[in-house]
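Asker: model this:
(chains A and B)
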Amino acid sequence: MAQVSMTVNGKSASGEIDGRTLLSSFLRDDLKLTGTHVGCDTSQCGACLVHVDGVAVKSCTMLAAEADGAEVDTIEGQANADGSLNVIQQAFQDHHGLQCGFCTPGMVMSAAALLKENANPSESEVRSYLEGNICRCTGYHNIVKAIMAASGQDVSSIAAE
Amino acid sequence: MPKDGGIGASSKRREDVRFLTGVGNYTDDINAHGQAHVFFLRSDVAHGKLNAVDTTTAAAMPGVVQIFTGADFEAVGGMPCGWQVTGKNGEVMQEPKHPVLASEKVRHVGEPIAAVVADTLEQARDAAEAILLDITELPAVIDMKAAVVANAPKVHDDLANNLCYDWGFVEENKAATDKAFLDAAHVTSLELVNNRLVANPMEPRVALGEYSQGTDEHTLYTTSQNPHVIRLLMGAFVLGIPEHKLRVVSPDVGGGFGTKIFHYQEEAFCTFAAKACKRPVKWTSSRTEAFMSDAHGRDHVTKIELALDADNNFTALRTDTYANMGAYLSTFAPSVPTWLHGTLMAGNYKTPLIYVNVKAVFTNTVPVDAYRGAGRPEATFQLERVVDKAARELGVDPIALRRQNFITEFPYATPVAVEYDTGDYHATMDKLEEMGDFSGFEARRKASEASGKLRGLGVNCYIEACGIAPSNLVGQLGARAGLYESATVRVNATGGLVVMTGSHSHGQGHETAFAQVVAEMIGIDESMIEIVHGDTAKVPMGMGTYGSRSIAVGGSAMVRATEKIINKAKKIASHLLEASESDIELKDGAFSVAGTDKSVAWGDVTLAAYVPHNYPLEEIEPGLEETAFYDPSNFTYPAGAYCCEVEVDPETGKVSIERFAAADDFGNIINPMIVTGQVHGGLAQGIGQALLENCAYDENGQLLSASYMDYAMPRADDLPMFSVDHSCQTPCTHNPLGVKGCGEAGAIGSPPAVVNAVVDALRSAGKDVTHIDMPLSPDRVWAAMQ
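Answerer: Predicted coordinates:
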């Protein structure tokens, strides 16, 4: 067993873990932050995507021990300070960018990472960036539209949701 | 002017907030105090004699609570099948035993053989590796046609052969249909494969069983589309637990698409083991396990023939299909290639004679059952492909040929036993022609050719049947269940409502859309209404969500229960207003006396119901809660027309979707935003089937596509923006909302549009290609061009 400590959504968190514990398991099982989801076992689906020191990381591919001392951000820490939805979350609701909600945390975290890199992405840039996030419900149409809307672009010419 | 609330408004979804902030409550988010974890040791061979399972070493490993094998379930019922199909000569289908854990033989890769319960999942997995299996491998039966030849190895030794049933429909039409082919001016035939798929909801299945020794009550948390159905099937047929001692909870469920309808072994196991181990037992599927244990979809091999007269009228249709059942009969498997497939073979056309033959076959593969569309995509694909091929053979416009043969008068009784109540197929085709900008296609084709690409346009129609019903009919057809829905509406003293519906929402937004309906009926704000679903302890009864039935059947039950509420509330209001009940009107949340300014607010009436001081106690009981069961008199029949434009790279065979338009008639619409989202998702799955997805086995029964590395899920850059319209509306005539259902249309209607478009593109380059089997991967398209 090993001791890990990290900052998760601005708060310090620590735990006694088995060395093989994945970051996704540490978040879900030890910290009870169950918004981070696990949808596959080959690092393909992106439902577990979080930010580690500001970088998008699939938390199923990282050992919790590797995140020792890191700043980790998850879906639970994304809303505004007053609890209201942030710009990306609100755009997902406004444009019906989610259905069952299972891939949604990863999509929102991925979108946040994209918009940090590219404040004004084109449709094809959004689609390309989402290569590592699978959604089975929406056909991506409204996810792409929501992300473009969250960037401040006028999406009224894209077919109605 | 769009509405801002009630029926027809694009109300934002209330469930979104919890999903967007990470506080949803999916089954894997639930943990019980003291829970143990189970790991299933699964067969890695497709077919074998199970000689021995030695758990001695494993049982002594750290953390192991108990190890179960097939022997532990000998006194327990097997997995039940919910539909019995009768073959063309009156013979009942062959129905094999389906054990919870394998005994005597293993019959597909992934079949659970042993279950290790341990303190942690890692300990359970480690111990499973120490179990010694003695299996004598047997020849695997994979190919359906090879499975039904004489002397083929048998999947089930106690059955006569591998043929589950041989179904003819409508048998009385067969001779006349055959004669029509002899008399035909033209016959078009096509052999095709409807590829095997895996539904792949993003949330893998989970089961958590609990048992209370003090009260003898069992609880199962499970990722199900229909918890009441699981309660009935598992309680009555597998474990022998009465329904009042068994609670099944399906909280937030991360997508279903059919594969979470069925009762699975892991659910029965966790419920059983929680009592046996005296502690909660949890199983969370990995994605790899999901590929080899979730019921698969489609997997038909079909020959279809269309007969036409000299004027290009369709005169007869004949099909011959092999449908894969896999190794066992999943819950509703037998109904999919029969009653959900044969009954739709008329499509949108007035073909007078139709005969459908379906041979359902056992193979050493994962069981196959309903997947989004379930039988209707298979019907639509073959029909719309053969019509397109006929148009090319005859040198006529494929749209004109379709229009010429459209059904135009309703109600219309098809020769395959169903009656379409409403529709307007010319209207959806007119809308499609406008959306698809067909007049601009040739210019777009030239532009593609200028950049070295081939461009094709594919069009097709579809019809589907939603909300399978009525119960007394489906009972005659072999269903071992009723197909009604129930709703209980509980009004609280302060005026808020709780609707307990047997429908289950796992992405469809019922919590929002159902509330819109009740808000509209009473004239109160949607925020006063809570929709409760997914818990047999809260919702009295339910048949769940599948077959696009929720709003048409579940919504109708809710409307009926709300009508009862309104009727009783009017009686109370008439007493409070000292007026005749027949003069009471309900509008905008207030009861008034017609022609007067006397009124009483909704909340005053509901308060009176629970504080009955001034109340007609001699006439009606206090309280305000009503239940309704709704059993539809018919299916609903959404229909539409879809078009797809593709570019094909002649150097590589790669297909890209450039434009996709869908014109649907769903009858009345409750929430246009949600309906459009449902179509988008269906289109993505249909395009996925057409271009990307394929569940592949090798000849030994090894599953070659058991992860997202090998099974090509559609990703964002595989798909275009969609053009979707549902302004053509012919309301359903037999349910109170006039709704038809929209969940599966996209997946049903899109595969033929894609294949028709690719064939069109190849033919534009002079290639004599009439068909390519799905998925249209670059290698297949390239090979077809050579």
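Asker: and the residue in the stretch 501-650 of chain B that chain A sits nearest to, what does it touch?
Answerer: Nearest to chain A in the stretch 501-650 of chain B, going by Cβ to the nearest Cβ, is B:G507, at a distance of 3.4 Å. (Each C-beta comes from the backbone N, C-alpha and C, glycine too.) Residues in contact with B:G507 (Cβ atoms under 8 Å, 6 or more residues apart in numbering or on different chains) are A:99-101, A:137, B:253-256, B:681.
Asker: one more time with 7 Å
Answerer: Residues near B:G507 by Cβ atoms under 7 Å, 6 or more residues apart in numbering or on different chains: A:99-100, A:137, B:255.
Asker: ok, now B:P251?
Answerer: B:25-27, B:534.
Asker: what's the answer for B:F314, then?
Answerer: Applying Cβ under 7 Å, 6+ apart, we find B:F314 in contact with B:306, B:308, B:349, B:351, B:405.
Asker: Out of the residues you listed, which comes closest to chain A?
Answerer: Of all the contacts of B:F314, B:Y349 has the smallest distance to chain A: 28.3 Å, by Cβ to the nearest Cβ.
Asker: okay, the residue of the stretch 501-650 of chain B closest to chain A: pLDDT?
Answerer: Here, the pLDDT recorded for B:G507 equals 96.
Asker: quick one, phi/psi of it?
Answerer: phi 130, psi -10 (degrees, to the nearest 10).
Asker: Is there proximity between the helix or strand containing B:V116 and chain A?
Answerer: Using DSSP states H and E, B:V116 falls within strand B:112-118. No - remark: strand B:112-118 sits outside contact range of chain A, by Cβ under 7 Å from any Cβ of the partner chain, the gap being at least 14.1 Å.
Asker: Helix or strand next in line after that strand, which one?
Answerer: Following strand B:112-118 toward the C-terminus (DSSP H and E): helix B:121-129.
Asker: contact partners of that following helix?
Answerer: B:37-39, B:41, B:58, B:61-64, B:116-118.
Asker: how about a cut-off of 8 Å?
Answerer: Contacts of helix B:121-129 (Cβ under 8 Å, 6+ apart): A:18, A:20, B:37-41, B:58-59, B:61-64, B:67, B:114, B:116-118, B:284.
Asker: confidence score at the residue of chain A found nearest chain B?
Answerer: The nearest approach of chain A to chain B comes at A:G35, 2.0 Å away (Cβ to the nearest Cβ). The score at A:G35 is 98. That number is its pLDDT.
Asker: From B:D29, how far out is it?
Answerer: Between A:G35 and B:D29 the computed distance is 9 Å (Cβ to Cβ, to the nearest Å).
Asker: And B:L41, by the same measure?
Answerer: Relative to B:D29, B:L41 is positioned 26 Å away (Cβ to Cβ).
Asker: Comparing those two, which residue is more hemmed in?
Answerer: Comparing B:L41 with B:D29 by other Cβ atoms under 10 Å in any protein chain shown, the one with more neighbours is B:L41, at 24 against 18.
Asker: does the more buried one really touch B:G110, like I thought?
Answerer: No - using Cβ atoms under 8 Å, B:L41 is not in contact with B:G110, being 10.9 Å away.
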